[in-house]
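Novice: Sequence and computational prediction follow.
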Amino acid sequence: MTTTTPHDFELYRRLVLVRRVEEWIIDQYAEQNAYFARKEEPPLSIRCPTHLSIGQEAAAVGVCAALGAGDAVYSTHRCHAHYLARGGSVDRMIAELCGKVTGCSKGKGGSMHLIDVDAGMYGASAVVGGSIPLAVGAALAASMQGRPGVGVAFFGDGAVEQGIFHESMNLASLRRLPVIFVCENNFYATLSHVSTRQPLGIAQRAASYGMPGVCVEGVDVRDVLRAASEAVARARAGDGPTLLEVKAYRWMSHVGTEFDTGKMLRSAGELDGWRERCAVAHMRRALEADGVAASRLDGVDDEVRAVIAEGIAFARASAEPVADDLFNDLAGEAPTWRG
Amino acid sequence: MARVIAYSDALAEATMMAMERDPSVFVMGVGVDDPGGIFGSTRAPYLRFGDARVFDTPISECALTGVAVGAAMSGMRPMMVHARNDFLLLTLDQLANHGAKWSYMAGGRLKAPVVVRAVIGRGWGQAAQHSQSLQAVVAHFPGLQVIMPATPYDAKGMLLSALTGDWPVVCIEHRWSFGQTGEVPEEFYTVPIGEAHVARPGRDVTVVAISQMVGESLKAASLLAAQGVEAEVIDLRSIRPWDVEAVCASVQRTGRLVIADTGWVTFGVGAEISARVSERLLHELRAPVRRVGLPAVPTPCAPVLERAYYPGADDVARAVLEVMRGASTGEGLDSAAESRLHKPFHGPF
């Protein structure tokens, strides 16, 4: 029998935050599409493609709970959960999705490139596998600077098919760099099942590079946290990288706010099986079993809803960038963008 | 009298100077620590700073470029070195999709001051995959700066600019430049990225030259001077950003433009320069712009084919005479000028 702790309550809060923000995206898209159908301009609208991680939250929340302030997280096109789990600003995320100048990258990145450097979220790449070496670079920097920082690369199962995954694993192991390679195996690359793309399991690949390969189910967030904490401890001790595979089933379509069970081989039954193993519901049941009052758990929802409402208000009150911002707000002495 | 050193030593000196001033500068790449040390340019830094800051890497150019970008975003200043331009193509995902764009995608909240050096090979049968000159490819991407120092002075000053700047810089060097000597001050100095240099003033025609073609263009200019044509040779030095003002100011005076590039003419740097100058100065041009560069085939191996492939001073001189037609300069190079061209090169590489 598992005993929950106050930390578990915080994990639950994070899971609910990620889930509810993405559910807001679904609702918001429905609402704005109704406006567009009437040829009207909605008061607020998301202006970029969104890749939802509903069903995968335990991976992001469990791993990020194992990290400290000096650690650098790099993510993928499906980065909402990583950003939020790392503590990225909800206000700035919603503003970014809605194309506002107050967004986390001032309207230059959008949903696929969420960033909050103060929170340790260094950004996300929309090229599969593309951000993996960036996390290795963060780890190399930390080790050269004599800091205890860890580099964390979140990526999906598809990235394992990219050469850059193998190049990065090879280098990180060779130099015993403090990297956590976190593969969120959500089983599908758009519509292709992993079994049609890969001849063996993902965690097994670690053996080729002489590092531990750990596989956990992304159902109980505490399992993920435990595995990630071990990987972080190894990295901080100078024992090198870990490949952590989290089986984290994606409920929704690759992109957008729909279910895709009608379009592909995966059945509604397969999806339902995973929905029954929902990480958010699982954690709620665990907390209830430990005697946490339902009213307190409902309070989390109320609190998160208030945070999202504030974010929406912030985005609504924010200005859009002006056309000249195309060339503005860049780091240091910028190159001549116009020439 | 100022000190005279080789181009390769100027690169090494800039590297060591940057490393001394800033502990975040480090060097990595395939073979940077070997006895050759990228034609002498990384060996001295390795001997001085050791493998903590100058280290060999697995042959994973793409991931290593990403590692450099990631390290830069965490406060380091990595310099990655490739013995050939051709390997840049392996790195394009990290260079163009990531390094060039991350700061912009981040709304300026991060910067990635990475320096990537890559050498152009030429001659002794190096053929199609050890000789490419890829400045046009990398210069296409907003967010990358591309420099091509032609002299030891610029090699040191521009590399120091790159290693102290805020943005990713690709530094493309010609293998034939490495043995070239010139005056190089011992102290720290920078040559700003984006400023061209008038290598030889002249009133009749502007020759914008890049990298190794600067020397060829200067040779052409002295041959032409004997025939009464005064060519102004501009060493472009920076490909992106390039010095539109300096080039246009010169063309405004001469009314004629020849561009001499080490890369392919088709879709090349010369096309960009020609287009930009035409957009601004079409009615001041007294002749169509001429471009000198590589023909549209991969680099061949056999000596006869190599000779036919690479342009030299004679091609620049002929292009100049073509744009001068109509002025009283005759039609071609005289035979004395012809005989002073075509110096053989005996490798190995």
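Specialist: Alright, I've got the coordinates.
Novice: Spell out which parts of the stretch 51-200 of chain A neighbour chain B.
Specialist: Residues of the stretch 51-200 of chain A lying close to chain B (C-beta under 8 Å from any C-beta of the partner chain) are A:72, A:74, A:103-109, A:113, A:115, A:117, A:122-123, A:125, A:127, A:130-138, A:140-142, A:144-145, A:149, A:151, A:163-164, A:167-168, A:170-171, A:174. Yep, even glycine has a C-beta here, placed from its N, CA and C like the rest.
Novice: So B:Val233: helix, strand or coil?
Specialist: B:Val233 carries the three-state label strand when classified by DSSP: H, G, I helix; E, B strand; the rest coil.
Novice: Just grab the bridge partners of it for me.
Specialist: Here B:Val233 sits in beta bridges with B:Arg200, B:Val207, going by DSSP bridges.
Novice: For chain A, give me its nearest residue in chain B.
Specialist: Closest contact between chain B and chain A, by C-beta to the nearest C-beta, is at B:Gly70 (2.1 Å).
Novice: Is there a quick ChimeraX command that grabs whichever of the residues of the stretch 51-200 of chain A next to chain B are buried?
Specialist: Per 16 or more other C-beta atoms under 10 Å in any protein chain shown, the buried members of those correspond to this ChimeraX selection:
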select /A:72,74,103,104,105,106,107,108,109,113,115,122,123,125,127,130,131,132,133,134,135,136,137,138,140,141,142,144,145,149,151,164,167,168,170,171
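Novice: pLDDT value on residue 33, please?
Specialist: I went with chain A, as the question did not name one. What the model reports for A:Asn33 is a pLDDT of 95.
Novice: try again with chain B
Specialist: According to the prediction, B:Asp33 has pLDDT 95.
Novice: check contacts around it.
Specialist: B:Asp33 makes contact with B:42-43, B:46, B:51, B:54-56, according to C-beta atoms under 8 Å, 6 or more residues apart in numbering or on different chains.
Novice: And the residues you listed, which of them are buried?
Specialist: The buried subset of those - by 16+ other C-beta under 10 Å - is B:42-43, B:46, B:54-55.
Novice: Also near chain A: which of these, exactly?
Specialist: Among the buried ones among the contacts of B:Asp33, not one lies near chain A by C-beta under 8 Å from any C-beta.
Novice: how about stretch B:151-169, does it reach chain A?
Specialist: Yes - residues of stretch B:151-169 contacting chain A under C-beta under 8 Å from any C-beta: B:165-167.
Novice: how about the helices in the stretch 51-200 of chain B?
Specialist: Secondary structure of the stretch 51-200 of chain B by DSSP state H, counting those that start in this stretch: the helices cover B:61-73, B:92, B:102-105, B:135-139, B:152-164.
Novice: highest average neighbour count across the ones you listed?
Specialist: helix B:61-73 (a mean of 30; mean count of other C-beta atoms under 10 Å in any protein chain shown).
Novice: how much space is there between A:Gly311 and chain B?
Specialist: For A:Gly311, the distance to chain B (C-beta to the nearest C-beta, to the nearest Å) stands at 18 Å.
Novice: so that residue touches A:Cys98, yeah?
Specialist: No - using C-beta atoms under 8 Å, A:Gly311 makes no contact with A:Cys98, being 9.7 Å away.
Novice: Compare the two (neighbour count), which wins?
Specialist: Taking other C-beta atoms under 10 Å in any protein chain shown, A:Gly311 and A:Cys98 do not tie; A:Cys98 has more neighbours (26 against 21).
Novice: check contacts around the more buried one.
Specialist: Each residue near A:Cys98 by C-beta under 8 Å, 6+ apart is listed here: A:44-47, A:315, A:318.
Novice: Stretch B:261-269 vs chain A: in contact?
Specialist: No - Stretch B:261-269 lies apart from chain A when judged by C-beta under 8 Å from any C-beta; the minimum separation is 13.4 Å.
Novice: and that stretch, which residues are buried?
Specialist: For stretch B:261-269, a neighbour-count test (16+ other C-beta under 10 Å) marks B:261-265, B:268-269 as buried.
Novice: Kindly export that stretch (C-alpha atoms) in CSV.
Specialist: Taking Å, rounded to 0.1, in the frame of the first residue of the first chain, the C-alpha atoms of stretch B:261-269 are listed here in CSV:
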residue,chain,number,x,y,z
ASP,B,261,33.5,34.2,-55.8
THR,B,262,35.0,30.8,-54.7
GLY,B,263,31.6,29.1,-55.0
TRP,B,264,29.2,28.2,-57.8
VAL,B,265,27.9,31.1,-59.8
THR,B,266,24.4,29.7,-60.0
PHE,B,267,22.3,30.8,-57.0
GLY,B,268,25.6,32.0,-55.5
VAL,B,269,26.6,35.0,-53.5
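Novice: any idea of the mean pLDDT in that stretch?
Specialist: The pLDDT scores in stretch B:261-269 average 98.
Novice: wait, isn't B:Pro168 in contact with B:Trp102?
Specialist: No - distance between B:Pro168 and B:Trp102: 9.0 Å, which falls outside the contact criterion (C-beta under 8 Å).
Novice: Quick check: neighbours shared by the two?
Specialist: Shared contacts of B:Pro168 and B:Trp102 (C-beta under 8 Å, 6+ apart): B:69, B:112.
Novice: Which ones among the contacts of B:Asp33 lie within strands?
Specialist: Counting by DSSP state E, these place B:54-55 in strands.
Novice: Turn the contacts of B:Asp33 into TSV, columns for pLDDT.
Specialist: Below are those laid out as TSV (pLDDT from 0 to 100):
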residue	pLDDT
B:Thr42	97
B:Arg43	96
B:Tyr46	97
B:Asp51	96
B:Val54	98
B:Phe55	98
B:Asp56	97
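Novice: got a list of contacts for stretch A:24-31?
Specialist: By C-beta under 8 Å, 6+ apart, the surrounding residues in contact with stretch A:24-31 are A:42, A:44-46, A:50, A:52, A:80, A:97, A:256-257, A:308, A:312.
Novice: Top of these by number of neighbours, please.
Specialist: Most neighbours among the contacts of stretch A:24-31, by other C-beta under 10 Å: A:Leu97, with 28 neighbours.
Novice: tell me the phi and psi of the closest residue in space to that residue that isn't next to it in sequence?
Specialist: Excluding its sequence neighbours, the residue lying closest to A:Leu97 (C-beta to C-beta, 6 or more residues apart in numbering or on different chains) is A:Ile46, at 4.7 Å. The phi/psi pair for A:Ile46 (degrees, to the nearest 10) reads phi -80, psi 130.
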